[in-house]
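Colleague: Could you look at this predicted model? Sequence included:
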Amino acid sequence: MPAAVLVTVAEHLDRSGLLWWLSNGTALGCWREDRLLPWDGDLDLGCWDHDLPAVKQALQPAMKVTRDRPEHLMGRVSGTKVDVHGHRRDGTKVSYELLKGRLRYEFSADLFDTFETVLFYGRPVRLPSPTDRYLSEAYGPGWETPVKAWNFRTAPSARRT
């Protein structure tokens, strides 16, 4: 996956003034390896669910939308798949849904109170904070060891609904 796609998407979102962050495998690659994971075929981003329509509008010049749901926006930028997950805060949890609501990912809400800002491919990006704890909740205690055959349906943060 080319880093240029991340840069393009980030530029459009930053111009919009919306709060967005790296999530899932993109956050993992940024934090653990300071690169996009070569075996991860998409770019994962997070935002608040109420911002998804504005995110779609901000990305429209660069992204061909392939899925537009209230909780999830998916598209392609220069052939690279881009997933934007709309996160929702509910008490002590922040979650987002996939598979038409059949799968929900849950995280401790305090991970989304502030965001870590790091340079990634020469530009500032945000990550849930503390990022080590976010990755542990997402991938389990072994998140520091690469697993190339990852299954999003069996992630430690995944809950069947």
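Modeller: Okay, I see it.
Colleague: Please make it C-alpha for all contacts and neighbour counts, starting now.
Modeller: Noted.
Colleague: three-state assignment of Glu11?
Modeller: What DSSP: H, G, I helix; E, B strand; the rest coil gives for Glu11 is helix.
Colleague: Please list all residues in contact with it.
Modeller: Counting by CA atoms under 8 Å, 6 or more residues apart in numbering, Glu11 makes contact with nothing.
Colleague: do Ala10 as well
Modeller: Residues in contact with Ala10 (CA under 8 Å, 6+ apart) are Val125.
Colleague: Tyr121 too?
Modeller: Neighbour list for Tyr121: 3, 7, 35 [criterion: CA under 8 Å, 6+ apart].
Colleague: How is the last one assigned, secondary-structure-wise?
Modeller: Taken by three-state DSSP, the conformation at Arg35 corresponds to coil.
Colleague: Pull the number of nearby residues for it.
Modeller: Other residues within reach of Arg35, judged by other CA atoms under 10 Å, total 15.
Colleague: What is the strand ranked longest in the chain packed up against?
Modeller: Assignment by DSSP state E gives strand 80-90 as the longest strand of the chain. In this structure, strand 80-90 packs against strand 42-48, strand 72-77, strand 93-98, with contacts taken as 3 or more CA pairs under 8 Å, 6 or more residues apart in numbering; DSSP states H and E.
Colleague: Can you say which of these is packed in most?
Modeller: For the helices and strands packed on strand 80-90, average neighbour numbers computed from mean count of other CA atoms under 10 Å are highest in strand 42-48, which has a mean of 22.
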